[in-house]
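Engineer: Structure for this input, please:
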Amino acid sequence: MNEHHTPPEGTERKLHDPVSDKLVPLEPLDLGKIKSVDDLVRAMGNTSFTGRQVGEGAEVVEAMARDQECFVVMTLAGAMTVAKQGLIITDLIDAGVVNAIVSTGALMAHGLVEAAGRSHFRYDPRMDDNELYDAGYNRVYDTLEPETNLDFVETIVARILKSWDHNEALCSYKLNRDIGKYLSENVPERGILKSAYEKGVPVFVPAFSDSEIGLDFALHNRARRNNNIPPLRYDPFEDLEYYAETLLKQALALQPPGPDEAQLLYMLGRTYKAWGRLDHARPIFEQVIRTYPESAFAQRAQETLVSLERVQ
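Structural biologist: Residues are numbered from 1 along each chain as shown. Below is the predicted model:
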């Protein structure tokens, strides 16, 4: 027996007009109208999928660059410098777009090779990895980093570490700053650390030991111990403290006078107190009390000052 099933009725829809809904129409990529890279990237923003992401990403970068109150922390990973993209980062630093950098150590190490005047080379597929190893070539995908480059970089790092006061702890931003200073004073080539030093941009490397420069530091300390010289001390938390201090100061610089500023000042004072930098903490707490006497944070600042006096 055949039964006849009537399909359910479709849901009634009221079809909208996309213009009335203020939807943005897309446009075909017309190469005949493209006269520059800027034209191309902006036109891609009116297409779809990854092309649109490229265009929208460029708009975000432009907005950050034009916003004088935007503090830009550039985070870097991957083989960008060995892939010859280092001068892009250098240009952004020189233009004042980037205010701080957090990077992998390898990226800074390979960038230092280039900044010191050495070259990377195209990989020859006729050589397998065993042959490359025997010849002293480190392969990064399709590019080679000669071991002689890394040996040369080690001499630069060793020169800086040799003059370092062993009573002062090292951290990545301090060492990168001094490498940049050396490059600025001795090397004509452009480079990330050189520009970062000249523009006052701190460069942080959280995984410092996982890099060529970190290994250079370890070898330098081993040589110091073998020669009965006190080893240098590396403290990654100095990076953390300086990074937090930098961002708090930036937040204060952008914060208009008012209750929120009192809170930020109090937080900065508490941060200094936690780090044991009481000579910095006291004047901050005093500023909170003096500037915002009616604020709840003024009372907290006063209590904190009293507690500091008790521990002395």
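Engineer: What segments of the stretch 1-150 of the chain are strands?
Structural biologist: Along the stretch 1-150 of the chain, counting by DSSP state E, counting those that start in this stretch, strands occupy 73-76, 100-103, 121-122, 137-140, 143-146.
Engineer: Residue 201 is nearest to which of those?
Structural biologist: strand 100-103 (6.1 Å; C-beta to C-beta). For the C-beta atoms, the positions are set from N, CA and C on the backbone; glycine is no exception.
Engineer: I'd like to know which elements the closest one is packed against.
Structural biologist: Helices and strands touching strand 100-103, by 3 or more C-beta pairs under 8 Å, 6 or more residues apart in numbering; DSSP states H and E, are strand 73-76, strand 203-204, helix 236-254.
Engineer: can you tell which of these is closest to residue 112?
Structural biologist: strand 203-204 (11.0 Å).
Engineer: Show the secondary-structure elements that the closest one is packed against.
Structural biologist: Going by 3+ C-beta pairs under 8 Å, 6+ apart, strand 203-204 lies up against strand 100-103, helix 172-186, helix 192-199.
Engineer: ok, that strand: who's next to it in the sheet?
Structural biologist: Strand pairing for strand 203-204, determined by DSSP bridges: strand 100-103 (parallel).
Engineer: Now find how far off-centre the lowest-mean-pLDDT helix or strand in the chain is within its chain.
Structural biologist: Ranked by mean pLDDT, DSSP states H and E, the helix or strand of the chain with the weakest confidence is helix 259-274, at a mean of 78. Remark: helix 259-274 is offset 25 Å from the chain centroid, using C-alpha atoms, centre = their mean, to the nearest Å.
Engineer: Per the annotation, how does this protein divide into domains?
Structural biologist: Following automatic domain parsing, one finds the domains of the chain at 18-66, 68-238, 255-311.
Engineer: on that earlier part again, toward the C-terminus, what is the element adjacent to the least confident helix or strand of the chain?
Structural biologist: Beyond helix 259-274 in the direction of the C-terminus, DSSP states H and E gives the next helix or strand as helix 278-291.
Engineer: Would you mind listing the outside residues contacting that next one?
Structural biologist: The contact list for helix 278-291 (C-beta atoms under 8 Å, 6 or more residues apart in numbering) reads 257, 262, 265-266, 268-270, 272-273, 295, 297-298, 301-302, 304-305, 308.
Engineer: Repeat that for stretch 114-133.
Structural biologist: Taking contacts as C-beta under 8 Å, 6+ apart, the residues outside stretch 114-133 that touch it are 81-82, 84, 86, 110, 113, 135, 137-139, 141-146, 149, 152-153, 156, 183, 187-194.
Engineer: Give me the buried stretch members for that stretch, please.
Structural biologist: Buried positions in stretch 114-133, judged by neighbour count with 16 or more other C-beta atoms under 10 Å: 114, 115, 116, 118, 120.
Engineer: now stretch 47-57
Structural biologist: Using 16+ other C-beta under 10 Å as the test for burial, stretch 47-57 gives 47, 51, 55.
Engineer: So the first one sits against residue 29, correct?
Structural biologist: Spelled out, that is residue 47. Yes: using C-beta atoms under 8 Å, residue 47 is in contact with residue 29, at 5.5 Å.
Engineer: any weak-confidence spans in the stretch 201-312 of the chain?
Structural biologist: Residue ranges of the stretch 201-312 of the chain with pLDDT under 70: 254-259, 275, 310-312.
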